[in-house]
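**Q** any chance you could fold what I've pasted below:
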Amino acid sequence: MPTIDEEPAPVRPGELISSAPPKRRRYEATSPDAGPLVCATCGTGNKAGGNFCRRCAASLRAPEPEAEPEPRLSWWTRLFGRTGQKALPAGTRPLSKSRHFPVRFVAFLAVLGLAGGVASANGDSISGAPQRILDEILYKSKEVAVVASDHIEGRNPELATDEFVNTSWASALKKGADANFLEATFQGSPRLVYVFITAPSSEPAPLEQRLRVLISVHHKGAKEGLYQNFPVVDVPTDKQRHGYYVGTDSVEKVRLTIVEPTSTTAKRVSIAGVQFAGR
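**A** Down below sits the predicted model:
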């Protein structure tokens, strides 16, 4: 067996080997010093005076308190309540309560009284307004039987209401306030709304009377010969159909009286395109 002549070498004392520097994490960045302003969203500190968080970009401003809406006053309080009074400082002794003249209340009473006076003065007009509305909506032509004070041959009174404008009733002009008339009798006793007359196309001839018509109605149950007169109407010369509002109930007859002529040369009278509308 071979022998070893050499002894093992002595162990040398250990040497201190400096360790390698630690590796920096990949996503770790050197962040600036945190400030006293802490973000309420992520908890990161921020410098004082900043507006947004340096980490999550959330707003750093303190939320403004929401103003509570003022309670809505009732219409009675808004109309008659006292507004604009100054509040006294705490501890101030109020002066004696002075009396204020109720301007708004007095104005309200004045307007109410004025409206009542107008309504009282125009009671007939106000009460007749619904009737006028119904008249304008519901009226329609009514059939009539026509007679006249007189007529020229071939110009019978029925020609005035035959719905043709080229035919007419004509009569020799008589003297007297009620001597020249055209009278229509209704079937039943309707409410007479309108009297329609078609105007001539030009000025009447020198021998013919210009149309100035007095509308008169005889009511059911009224005394024979008793008529209610309406204002005289001047029929123009424009060849148009003109409606004259009457608006009266229980009409049995309606008379169109030709007013006495102002011309001394007029010898004849005629009228055409007459219609009666009622409901």
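
**Q** that's a helix at residue 106, yeah?
**A** Yes. Secondary structure of residue 106 (DSSP: H, G, I helix; E, B strand; the rest coil): part of a helix.

**Q** what sits against the nearest residue to residue 259 once chain neighbours are set aside?
**A** Nearest non-adjacent residue to residue 259, counting by Cβ to Cβ, 6 or more residues apart in numbering: residue 212, 4.1 Å away. For glycine as for every other residue, the C-beta is placed from the backbone atoms N, C-alpha and C. The neighbourhood of residue 212, defined by Cβ atoms under 8 Å, 6 or more residues apart in numbering, consists of 232, 233, 234, 235, 258, 259.

**Q** same deal with residue 10?
**A** Counted by Cβ under 8 Å, 6+ apart, residue 10 has zero contacts.

**Q** can you give me the pLDDT of it?
**A** Per-residue confidence (pLDDT) for residue 10: 74.

**Q** and for residue 256, the neighbour number?
**A** Look at residue 256: counted by other Cβ atoms under 10 Å, it has 25 neighbours.

**Q** okay, and it sits in which element?
**A** Here residue 256 is covered by strand 251-258, with elements defined by DSSP states H and E.

**Q** residue 182 too?
**A** Using DSSP H and E, residue 182 maps to strand 181-186.

**Q** whichever helix or strand comes after that strand: partners in the sheet, and parallel or antiparallel?
**A** Downstream of strand 181-186, the next assigned helix or strand under DSSP H and E is strand 192-198. Sheet pairing of strand 192-198 (DSSP bridges) gives strand 241-248 (antiparallel), strand 268-278 (antiparallel).

**Q** which one of the contacts of residue 212 sits closest to residue 224?
**A** residue 258 (22.2 Å; Cβ to Cβ).

**Q** enumerate every residue touching residue 215.
**A** 195, 229, 230, 233, 244, 246, 254, 255, 256.

**Q** which of those are buried?
**A** Taking 16 or more other Cβ atoms under 10 Å as the criterion, what is buried in those is 195, 230, 233, 246, 254, 255, 256.

**Q** pLDDT-wise, which helix or strand of this structure ranks last?
**A** helix 123-138 (a mean of 66; mean pLDDT, DSSP states H and E).

**Q** helix or strand right after that helix?
**A** strand 140-141.

**Q** what helices or strands is that following strand leaning on?
**A** strand 268-278 (3 or more Cβ pairs under 8 Å, 6 or more residues apart in numbering; DSSP states H and E).
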